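A.B. asks: Structure, please.
(chains A, B, C and D)
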2 protein chains.
Amino acid sequence: MARKGYPGPMTASPTPHGSHEVAAADADWLRLENQICFSLHAASRAFNGVYRLILRDLGLTYPQYLVLLVLWERGDQPVKKLGEHLRLDSGTLSPLVKRLEAAGLVRRERSAQDERSVRVRLTEEGSALRGRALEVPRRIAAATGFELTEIIELRERLDRLTTALDAATLTEAQGAP
Amino acid sequence: MARKGYPGPMTASPTPHGSHEVAAADADWLRLENQICFSLHAASRAFNGVYRLILRDLGLTYPQYLVLLVLWERGDQPVKKLGEHLRLDSGTLSPLVKRLEAAGLVRRERSAQDERSVRVRLTEEGSALRGRALEVPRRIAAATGFELTEIIELRERLDRLTTALDAATLTEAQGAP
DNA sequence: GGCCATTTGGTTGTGCACAACTTAATTGTG
DNA sequence: CACAATTAAGTTGTGCACAACCAAATGGCC
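C.D. replies: Numbers count the residues shown, from 1 in each chain, chains lettered A, B, ... in the order given. Down below sits the predicted model:
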């Protein structure tokens, strides 16, 4: 668990264009970036673990909980909108929503106006579950042990990171070689 | 993409024990915590997306890359040790390592001293891949657009978060009600 | 009307994460 | 020595994430 030191900023300074020097600098970068992406990965899974426990009482997984949050806050939504709010595509949402339907929490019904669209509607039971879910956030916040300001800062930084990474994904994917 | 405002600290102040008041405060907390866990979730997936692209040339997934990082840095390891470094259990690592073996990057061999243990050993090809992987971190760092100090701060905060969450998971799981 | 691209969901296949269980080797204890 | 407990991997089953592909409905265009 004890964290080994990361290479100091001096050793990781971006060496201009050298040949041998670059290899050493790369190795340092590698170690550092390993930390940041790995830290994020680990934090995400740790969060998932806490949610798993707390949501077990409600019979929900964490992504299912997210879907319900959207429905509780914004009302019935077509699958498309859910995907936009949660950044998930149909390949993830279709089976997930079906499981929520199997659990009796939502119903899926084709729109009459546009038969391509499927509206996800909370059932009585699904709406009622919100009451039991209200205590979840506080338990989660308590588990982090973070101050409110700290949470806000962290969130801001993560969102900025996500935006940058998404942009980079696009440019990598198509445009600039 | 535009972010709606989060409830200010004043509205989210933990109301003592009320009845109606609590519901409103809970709803605020809910919104806020939704942000932080969701932000983390989204950031993690965004990172994964960038890695997916950059690692495609190497024929690796992100978790496979993590396993190789450990092997490159610390040499051959039994599966158990890999799991400790990466916080992954055998259910995840067994098939993953088999895929790496199928790709010709590692070999798995039973230890002679302890026949329960399986040592994961880099092949020639697996070791050689390190050279091509050296440029990965810099491309990732560039994709984040973050300063070094900012990355380090973020990492520190995430690690602290993970530690707190892990501790909370344990106490939730067994002990204190 | 007939033809097209677009939009919306769905399906399939691969891989990761994890819980629960199994198997085999090892260690500890009487 | 015999036997129980522990440990290391593996297996099975469920669910999420995403790429790639498919089908039906829609809307624009001639």
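
A.B. asks: Please make it C-alpha for all contacts and neighbour counts, starting now.
C.D. replies: OK.

A.B. asks: ok, and for stretch A:42-56, which residues are buried?
C.D. replies: For stretch A:42-56, the neighbour count (16 or more other Cα atoms under 10 Å in any protein chain shown) marks A:42-55 as buried.

A.B. asks: Can you lay out those residues as TSV showing secondary structure, distance to chain B and pLDDT?
C.D. replies: Output for those, formatted as TSV (DSSP: H, G, I helix; E, B strand; the rest coil; distance: Cα to the nearest Cα, whole Å; pLDDT from 0 to 100):
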residue	secondary structure	distance to chain B	pLDDT
A:42	helix	7	92
A:43	helix	5	92
A:44	helix	6	92
A:45	helix	9	93
A:46	helix	6	93
A:47	helix	6	90
A:48	helix	9	92
A:49	helix	7	93
A:50	helix	5	93
A:51	helix	9	93
A:52	helix	9	93
A:53	helix	7	93
A:54	helix	8	93
A:55	helix	12	94
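
A.B. asks: quick one: which of those residues is nearest to DNA strand C?
C.D. replies: Among those, residue A:45 lies closest to DNA strand C (Cα to the nearest atom of the strand), at 4.5 Å.

A.B. asks: which helices and strands does the lowest-mean-pLDDT helix or strand in chain A pack with?
C.D. replies: The helix or strand of chain A with the lowest confidence, counting by mean pLDDT, DSSP states H and E, is helix A:20-56 at a mean of 80. In terms of contacts (3 or more Cα pairs under 8 Å, 6 or more residues apart in numbering or on different chains; DSSP states H and E), helix A:20-56 is packed against helix A:62-74, helix A:136-144, helix B:20-56, helix B:136-144, helix B:148-173.

A.B. asks: Including distance to DNA strand C, could those helices go into JSON lines?
C.D. replies: Converted to JSON lines, these look like this (distance: least, Cα to the nearest atom of the strand, whole Å):
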{"stretch": "helix A:62-74", "distance to DNA strand C": "12"}
{"stretch": "helix A:136-144", "distance to DNA strand C": "16"}
{"stretch": "helix B:20-56", "distance to DNA strand C": "10"}
{"stretch": "helix B:136-144", "distance to DNA strand C": "17"}
{"stretch": "helix B:148-173", "distance to DNA strand C": "9"}
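
A.B. asks: Can I get those in a markdown table including distance to residue B:84?
C.D. replies: Below are the helices and strands packed on helix A:20-56 laid out as a markdown table (distance: least, Cα to Cα, whole Å):
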| stretch | distance to residue B:84 |
| --- | --- |
| helix A:62-74 | 25 |
| helix A:136-144 | 22 |
| helix B:20-56 | 21 |
| helix B:136-144 | 23 |
| helix B:148-173 | 14 |
